[in-house]
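**Q** Take this sequence and fold it.
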Amino acid sequence: MSDDDKQFEAAAVENAASGRGGLSQAELDELVASSDTGGRTPPGFAGKLLLSVALAWSLFQLWIASPIPFMVGFGVFNDTEARSFHLAFALFLAFAAYPAARTPTQLILGLGVPALLTFLFMFGAKDQTATWWIPIVGAVMIGFILLGSPKNRIPSWEWALAIVGALASLYIFVFYREISGRVGAPITQDYVVAVIGLMILLEATRRALGPALMIVASVFLAYTFLGPHMPSIIAHKGNSLSEVVNHQWITTEGVFGIALGVSTSFVFLFVLFGSLLDRAGAGNYFIQVAFSLMGHMRGGPAKAAVVSSAMTGLISGSSIANVVTTGTFTIPLMKKVGFSSEKAGAVEVASSVNGQIMPPVMGAAAFLMVEYVGIPYFDVVKHAFVPAIISYIALVYIVHLEAMKAGMKGLPRAYTPKPIVQRLIGIAFTIAVICALSFGVYYGMGWIRPTFGASAGYIVFVLLTAAYVGLLYVASREEPLKLDDPNAPVTTLPLPGPTVRSGLHYLLPVVVLVWALMIDRLSPGLSAFWAVAYMIFILLTQRPLMAIFRGESRFANDVVAGFADLTDGLISGARNMIGIGIATATAGIIVGAVSQTGVGSALADVVEVLSGGNIMAILLLTAVLSLILGMGLPTTANYIVVSALLAPVIVTLGQQNGLIVPLIAVHLFVFYFGIMADVTPPVGLASFAAAAVSGGDPIRTGVIAFFYSLRTAALPFLFIFNTELLLIDVTWAQGILVFIIATMAMLLFAAATQGWFLAKNRIYESAILLLIAFTLFRPGYWMDMVAPPFDEVAPAEIEQAAMSAPVGSDLRLQVDGVNALGDPVSFTALLPVVEGATGAERLAAVGLEYIVDGEKVVIDNVAFDSAAQKAGFDWDQEIKRVLAPADQPTKYLMFVPAFLLLALVVILQRRRAIPAAAPA
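**A** Sure, this is the predicted structure:
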């Protein structure tokens with residue numbers, strides 16, 4: 001969907017909603033479908049075929065993820081073959097489910113890209129003899145686009161595009177053996193399939209995701225072919241059609257690369273898991289639980305919207321679907337307690353978009369980090385945990401501040417609350433029970449596995465099933481949850497106890513997933529498979545068992561209804577994956593072009609010139625680029641493009657400026673700003689969806705949501721400079737301290753940006769709060785000014801520095817050398833200090849050999865796979881500076897003046913707040 005189309009659709013939606021505060025459920029469902037699942041399900045045979053293909057895709061993904069193919073020795077696919085089928089399904093469904101928009105902008109771009117590709121392919125094939133067929137392919141594509149794309153049926157030419165696109169993808173599978181024998185030497189057949197496949201893939205991208213990603217991919221293809229004609233700073237030798245066909249389609253460097261592989265192996269199963277969980281009723285359960293627990297608080301519906309969106313983030317990777325799912329219920333209730341239409345929509349947008357950063361099930365881009373960064377998914381979740389949690393806590397606090405400003409109240413409760421002491425005792429008892437159960441399960445599992453060996457899985461399944469039946473029995477004693485009409489008068493909130501008990505069994509599949517990921521440390525794909533398998537078991541048994549427990553059993557009908565729920569969930573999961581499958585394949589074109597042309601190193605030069613080598617300027621450029629690209633690209637594609645282009649640049653230029661930035665921190669930085677693009681006006685589609693529900697102005701909703709999301713925009717800059725926020729190299733005790741202090745800092749940041757703490761802020765009070773928040777986030781910034789963390793040592797004295805440094809610390813060395821292209825480069829590297837009797841032995845133990853020539857120290861050799869090699873050292877480099885760790889007071893001493901300043905602000909504001917609170 002283009003920027004024009006999004007604004008046009010949002011305006012139409014707003015007009016339709018005006019006068020009645022929102023759209024009907026059917027209209028909202030259509031809005032979600034047009035964005036996420038495709039807005040076309042024609043009647044008759046065509047519609048049944050579309051749904052059958054979607055069902056077949058889900059079953060195929062479950063088959064290749066399961067251990068069954070290896071057990072029976074049939075249907076085993078390697079990674080490349082599985083990716084071929086994955087893209088074939090995505091391409092077929094993209095043309096079947098997504099009608100092409102017919103706005104002038106869309107039509108011009110739709111016709112222009114095949115024409116551009118025809119020119120590029122002819123240009124790249126100028127040395128080939130048989131090129132007459134390329135203009136014919138381009139003309140046919142243009143003709144099909146001109147024929148149009150109705151919304152209520154699938155014409156024959158779209159069936160043709162769907163089938164040909166699927167066959168072009170399956171070409172890798174069908175001719176796998178032949179292709180593997182001629183890699184690097186494509187034949188005419190390879191040329192034809194690759195050219196057709198690339199044209200059809202880009203047209204599918206335009207339909208499913210809008211023209212932005214299609215344009216970016218086309219630009220990179222043009223850059224690949226026209227390298228010699230580019231400006232000198234980014235020029236390259238240029239690539240022929242033979243090289244592009246081989247790189248982009250025949251091998252796994254381009255379209256069928258890592259991004260599509262992650263979509264095939266991990267992402268599909270997690271999306272399917274969420275779809276099945278939602279179909280079982282978990283989405284409604286999460287919303288009702290949040291309202292029962294938080295609806296009575298000041299501005300309660302808004303706080304419940306934040307919590308329910310965080311929980312719904314477990315089952316929905318789509319911002320717009322999250323907005324509509326929870327917002328249909330929460331936005332009218334927020335308006336009822338005093339929020340304006342725009343603020344109610346903005347709260348829902350800010351909380352729904354953040355669902356993608358919420359562990360343990362994060363957005364699709366999180367699974368790509370596993371491959372790009374080369375760390376287990378457990379570590380990705382660990383690093384993302386603290387920023388995600390404090391971001392949501394801060395949003396709840398922002399809602400509280402808005403409620404304070406407006407003097408709002410909560411919704412009435414259906415019961416008289418217990419005294420505070422009894423409530424605290426109840427909370428403590430609940431926590432103790434949960435901890436006891438957690439320890440019991442953990443150590444029980446630890447005993448079961450070694451005791452029962454290969455049979456342990458069956459024992460665990462029996463125990464889980466016993467827990468499931470017990471929880472289902474408990475749920476059957478409660479009234480079924482119903483999603484009330486949010487526009488009806490609210491007399492009371494649902495009771496927390498019965499509401500929580502009515503769906504505890506929905507947590508078991510999440511427990512299975514978390515256990516497999518975090519405890520058993522299975523791969524994300526296998527973890528998701530077992531969670532999906534257990535979710536299938538619940539869908540098939542939940543209705544019959546619940547009916548039996550309630551004495552209302554119609555067994556045959558209940559079983560049929562369970563199978564219908566399962567089928568609907570499998571189809572919905574596949575349709576939700578169409579856009580992601582297409583996005584990862586098209587982003588593969590961009591990644592392939594980067595690796596083929598070496599534009600990354602050229603871009604590093606450009607960024608360094610623009611930023612003047614300043615790391616903060618580089619980060620700002622990266623953030624702006626992510627936001628701009630995110631206005632048209634889905635989060636996953638945005639992450640792939642920006643991380644491929646700029647993540648290595650940030651790490652490299654950070655080293656050159658003396659800042660050692662962990663790769664995971666850079667990738668999370670890009671990920672966060674890719675998500676922020678869903679909020680950023682004027683194109684953030686989540687804001688349009690919220691405005692459609694609230695009847696408010698979409699641009700104002702987006703502006704307010706962006707303002708609420710400043711906390712999310714600040715976090716990436718903070719964890720680049722303070723990696724403790726990502727729980728890197730911290731102990732458990734340090735991790736708890738970091739979480740507490742960072743939460744306090746983020747709440748103060750929210751108070752400063754919202755202009756309200758205990759009372760309305762004065763300008764200097766907001767400035768002081770920002771200063772305190774910064775100090776709590778980065779106490780080392782001020783301590784480094786008071787007492788430098790390093791002492792500079794002459795390079796020739798490196799042995800003495802290594803000997804005097806404590807074991808476990810790092811020497812910080814500035815090194816001059818040359819890069820892979822032979823250009824001079826200067827960077828900073830960390831050399832770990834290990835045990836050794838002398839400084840020379842310590843340096844030798846980490847693999848560093850050097851020659852001292854007067855004051856000059858040159859690296860003579862670096863041991864293979866040693867700590868020195870991993871730090872970036874190489875032979876013939878010269879060590880220019882040696883920084884040894886100095887005795888520095890703990891940086892946490894900076895908290896003392898920060899808390900004293902905070903006490904001053906509290907005193908000043910309480911003096912104003914107390915008279916204001918007194919009765920008139």
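
**Q** Quick one: the strands in the stretch 701-850 of the chain, in order.
**A** Counting by DSSP state E, counting those that start in this stretch, residue ranges of the strands within the stretch 701-850 of the chain are 790-793, 810-818, 824-832, 848-853.

**Q** right, so of these, which gets closest to residue 391?
**A** Residue 391 lies closest to strand 824-832 among these, at 29.5 Å (CB to CB). In short, each C-beta sits where N, CA and C put it, glycine included.

**Q** Buried ones in the closest one, by neighbour count?
**A** Residues of strand 824-832 classed as buried: 825, 827, 828, 829, 830, 831, 832 (neighbour count, 16 or more other CB atoms under 10 Å).

**Q** Turn those into JSON lines, including distance to residue 733 and pLDDT.
**A** Formatted as JSON lines, those follow (distance: CB to CB, whole Å; pLDDT from 0 to 100):
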{"residue": "825", "distance to residue 733": "39", "pLDDT": "78"}
{"residue": "827", "distance to residue 733": "33", "pLDDT": "82"}
{"residue": "828", "distance to residue 733": "30", "pLDDT": "84"}
{"residue": "829", "distance to residue 733": "29", "pLDDT": "84"}
{"residue": "830", "distance to residue 733": "24", "pLDDT": "85"}
{"residue": "831", "distance to residue 733": "27", "pLDDT": "87"}
{"residue": "832", "distance to residue 733": "23", "pLDDT": "88"}
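
**Q** Pick out the most distant pair among those.
**A** Using CB to CB, the buried residues of strand 824-832 reach their maximum pairwise distance at 825 and 832, which is 22.2 Å.

**Q** in what helix or strand does residue 859 lie?
**A** Secondary structure assignment for residue 859, by DSSP states H and E: strand 856-862.

**Q** Moving C-terminal from that strand, which element do we reach first?
**A** The C-terminal neighbour of strand 856-862 among helices and strands, as given by DSSP H and E, is helix 867-870.

**Q** Beyond that following helix, next helix or strand please.
**A** For helix 867-870, the following helix or strand on the C-terminal side (DSSP H and E) is strand 878-885.

**Q** can you pull the buried residues of that following strand?
**A** So for strand 878-885, counting by 16+ other CB under 10 Å, buried means 878, 879, 881, 882, 883, 884, 885.

**Q** again, but for stretch 549-563
**A** For stretch 549-563, a neighbour-count test (16+ other CB under 10 Å) marks 549, 558, 561, 562 as buried.

**Q** Now do the contacts for the first one.
**A** Counting by CB atoms under 8 Å, 6 or more residues apart in numbering, residue 549 makes contact with 472, 473, 476, 477.

**Q** so what's it scoring on pLDDT?
**A** According to the predicted model, the pLDDT of residue 549 comes to 90.

**Q** which phi and psi does it have?
**A** Backbone torsions for residue 549, taken as degrees, to the nearest 10, come to phi -60, psi -30.

**Q** on that earlier part again, please enumerate residues in contact with the strand holding residue 859?
**A** Under the contact criterion CB under 8 Å, 6+ apart, strand 856-862 has outside partners 795-796, 798, 815, 847-851, 868-869, 873-879.

**Q** That one vs strand 878-885, what angle?
**A** Angle of strand 856-862 versus strand 878-885, following axes from the mean of the first three to the mean of the last three CA atoms, to 10 degrees, is 90 degrees.

**Q** Just the C-alphas of strand 856-862, formatted as CSV.
**A** Coordinates of each C-alpha in strand 856-862 appear next as CSV, following Å, rounded to 0.1, in the frame of the first residue of the first chain:
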residue,chain,number,x,y,z
LYS,A,856,57.0,1.5,17.8
VAL,A,857,55.0,-1.7,18.4
VAL,A,858,54.0,-3.7,15.3
ILE,A,859,51.9,-6.9,15.5
ASP,A,860,54.0,-9.7,14.0
ASN,A,861,51.4,-12.6,14.2
VAL,A,862,47.9,-13.4,15.6
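
**Q** What are the buried residues along it?
**A** Residues of strand 856-862 classed as buried by neighbour count (16+ other CB under 10 Å): 857, 858, 859, 862.

**Q** what do you get for stretch 373-388?
**A** Of the residues in stretch 373-388, those with enough neighbours to count as buried (16+ other CB under 10 Å) are 373, 375, 377-388.

**Q** Adding pLDDT, write the residues you listed out as TSV.
**A** Conversion of those to TSV gives the following (pLDDT from 0 to 100):
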residue	pLDDT
373	85
375	84
377	80
378	80
379	85
380	85
381	82
382	84
383	87
384	85
385	84
386	85
387	87
388	85
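
**Q** For residue 354, state which of those is nearest.
**A** Distance to residue 354, by CB to CB, is smallest for residue 388 among those, at 7.3 Å.

**Q** Could you find the closest non-adjacent residue to the closest one?
**A** Once its chain neighbours are removed from consideration, residue 388 has its nearest residue in residue 357; the separation is 4.6 Å (CB to CB, 6 or more residues apart in numbering).

**Q** ok, how many other residues are close to the one you found?
**A** The burial count assigned to residue 357 is 25, neighbours taken as other CB atoms under 10 Å.

**Q** Pull up the gap between it and residue 502, please.
**A** Using CB to CB, to the nearest Å, one obtains 29 Å as the distance from residue 357 to residue 502.

**Q** Could you do residue 473 as well?
**A** In this structure, residue 473 lies at 12 Å from residue 502, with CB to CB as the measure.

**Q** neighbour-wise, which of the two wins?
**A** Neighbours per residue (other CB under 10 Å) separate residue 473 from residue 502, with residue 502 holding more: 22 against 15.
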